[in-house]
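Trainee: One predicted model, sequence on top.
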Amino acid sequence: MTRTLTMLGILAAAAGCPGDTANTSEGPATDASTEPTASTTEEPGTNPTTGTESSTTGETPTTGEAPTTTTDTTGEAPGDGAGAARVVYADDDEVGVDMYFVDCTGPEPGPAVLINHNLPAGWHLPYPGRLSPSQRWMLLVAGHPRLGEEVWLVDMSGPMPGDPVRVELAGEPGFEVLGTWWSRDESRLALRRTSYDGVGAQIYLCDVGADGTCVPEVWNPPLAPGGGIGGWGFAWSPDDSRIAYSGDPDGDEVVQLFLAGTGPGDAGEAIALTSEVPADEAFVHEAWFSPDGATLYYEYGADLTSSAGTRAIDMTTDPPGSPVELPHGDYREDMTAGLEWTGADGLGDLSFFAIDGTSAGPLVPLHDVPGRVSSKDDKFSPDGRFAVYYAETDPDVRELFAVDLSGPTPSAPVKLASPTPGGQLHGTIFGPDPALLFYLSQAAADSGDDLWMVRLDQPPAPVRVNPPLPQDGTIPGFLGFDGDGSRLLYVGPGEATPSWQLWLVDLAAPGAPIEVNAPLQDGQQLGTGARAFSADGQRVFYSVQEPFEQELVHPGFQVDLAAPGVALRVTDPAHQPWDLRVLPPSDG
């Protein structure tokens, strides 16, 4: 378990905050939400929010010819073009993907413009480009069958994308780019690159010019034969003056955590923060600094699939302090507290503990009423004020609880919701409002899930968000919020429409949702995929899944909320689109 990150939840693809990217992809449904920014490009299976390695693919690319339809619109054109936005998406080609840009600042989407238009012959993108946290830059990793991989940067700050600029990585052909991490202010870029045989991975740093020029310099100490720098455990300090990373530069099969400065003359210098450790503690899953930079935390285990604990290092001394063990659990984003669950077979006890740098306070049990706490879905609210969790109060009966942590001691647990007889509750997700919690409720063993919400800062009064479900209907939990969290997009059936549609709900008056999408054509369906508001909240963007030959494509649409149900196609009908993302209009 690791620190709790903002807006994590079950079966959710949160999107649409002003200035955020709806980094949703049209892959199979999972139990993980999709965060709206991607700060890294890395090996699959890791977390972009913390500077650790993140998925680069989003979903498996599809193949086949483009759909035969040529229509751009569904229904009549909407009105005045409110809801300005910019859209980017990936299009499958024979050897990889192309990235396209669409200007959606007017009443109708503009033409799709190829972003990676100036790549040399023989180079292709194996997976979609990734946006920096501020969305100023798009980072493209291009591959060549003989020459390896290169990185290109695209300035996305203007009304149209800039020309891709090649990052000038020196070295022999055959290298792979296995990691990229932006500094906090995005003035610098860190890259990890290795040879084709996986040996000799190194960390590079470069200053990023206003036009995207970047000449990386090897930053780690010289490698011994067989040595290399790992792709896990990389982190920038809050002021960008230091980096942490894990690796085995000596080639002796002892992985350590290192600290390096990022100033002039710091290249090639680093100090080890950890010494030789047992094999079951040698893998660093992730590392992160406290907001003030005074403490470095890291999660460790035997390998990628195991997590043994979390340690803290005092960074205010010279040299830094020795690693100190912390209670293992979920942590507040600001690293001032944590939640530790202990138990067996999915039931146990949940405790709260304060954190001050490398010190953890005593464990304080939170659930001091009858029942055992479930090992699933315990978390902090995004602002850290509340802890929410499920507890089994009777056999096979899980109830939802919250504890207020804002006082000098935790409050008594407050029961937020109980299942109906024979039913069950599951899942927890927060939107932009940190005091508004969403969860799913199955009324009976053979019924579907309803979406419910309950406020944590008021006496509990759960409210069902969706109207009554049709026979065999269920809400899958694919959600999207507007910027202030007052409106919600969700996918699910209507009271009289069993197929999934996209619905808009005013959370101040739920229960009467508005159907947003245009009528679905034969073979189309909604589910995973883009669901995003424009920055001003006047327009919604979404994608659908439709079959083509033996594959799936995911065309995207825009809807002016002044005319719900009237959609304009955003993606080119000749493309095989996926990974649609929505950006706010340019300031330029």
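Mentor: Yep, that arrived. Here the structure is a predicted model, which means the values were calculated and not measured.

Trainee: For the rest of this, base every contact and every neighbour count on C-alpha atoms.
Mentor: Fine.

Trainee: what residue ranges in this protein are flagged as low confidence?
Mentor: Counting by pLDDT under 70, the chain shows low-confidence ranges at 1-81, 171-173, 196-198.

Trainee: can you rerun that using 80?
Mentor: The chain contains residues with pLDDT under 80 at 1-82, 94, 170-174, 195-199, 276-279, 496-497, 511, 588.

Trainee: which residues sit against stretch 431-440?
Mentor: Stretch 431-440 is contacted from outside by 7, 14, 381-383, 425-430, 449-457, 475, 477, 481, 483-485, using C-alpha atoms under 8 Å, 6 or more residues apart in numbering.

Trainee: Looking at these, which are in helices?
Mentor: The members of the contacts of stretch 431-440 all map outside helices under DSSP state H.

Trainee: Just the buried residues of these.
Mentor: Among those, those classed as buried by 16 or more other C-alpha atoms under 10 Å are 7, 14, 381-382, 425-430, 449-456, 475, 477, 481, 483, 485.

Trainee: now what about stretch 444-462, what contacts it?
Mentor: 386, 402, 415-417, 420-424, 435-443, 463-466, 469, 472-477.

Trainee: Now the terminal residues of that stretch, how far apart.
Mentor: This stretch, stretch 444-462, spans 18 Å end to end (C-alpha to C-alpha, to the nearest Å).

Trainee: what about that stretch, distance to the chain center?
Mentor: Distance of stretch 444-462 from its chain centroid, counting by C-alpha atoms, centre = their mean, to the nearest Å, is 25 Å.

Trainee: Might you report the residue contacts of the nearest residue to residue 263 once chain neighbours are set aside?
Mentor: Counting by C-alpha to C-alpha, 6 or more residues apart in numbering, residue 263 lies nearest to residue 241, which is 6.7 Å off, once chain neighbours are set aside. For residue 241, the contacting residues are 261-263, by C-alpha under 8 Å, 6+ apart.

Trainee: now, which of those sits nearest residue 513?
Mentor: Lowest distance from residue 513 to the contacts of residue 241 (C-alpha to C-alpha) belongs to residue 262, with 51.6 Å.

Trainee: The closest one: neighbour count?
Mentor: 19 (other C-alpha atoms under 10 Å).

Trainee: Equivalent analysis for residue 317, please.
Mentor: 9.

Trainee: Give me the distance between it and residue 261.
Mentor: Taking C-alpha to C-alpha, one finds residue 317 at 15 Å from residue 261.

Trainee: Kindly report the same for residue 402.
Mentor: Distance, residue 402 to residue 261, by C-alpha to C-alpha: 42 Å.

Trainee: Strands along the stretch 401-550 of the chain, start to end?
Mentor: 414-417, 424-430, 436-442, 449-455, 463-464, 479-481, 487-492, 501-506, 514-515, 531-533, 539-543, 546-548 (DSSP state E, counting those that start in this stretch).

Trainee: Out of the ones you listed, which gets nearest to residue 343?
Mentor: Comparing these by C-alpha to C-alpha, strand 424-430 comes nearest, at 19.2 Å.

Trainee: Remind me what the closest one packs against, helices and strands.
Mentor: strand 397-404, strand 436-442 (3 or more C-alpha pairs under 8 Å, 6 or more residues apart in numbering; DSSP states H and E).
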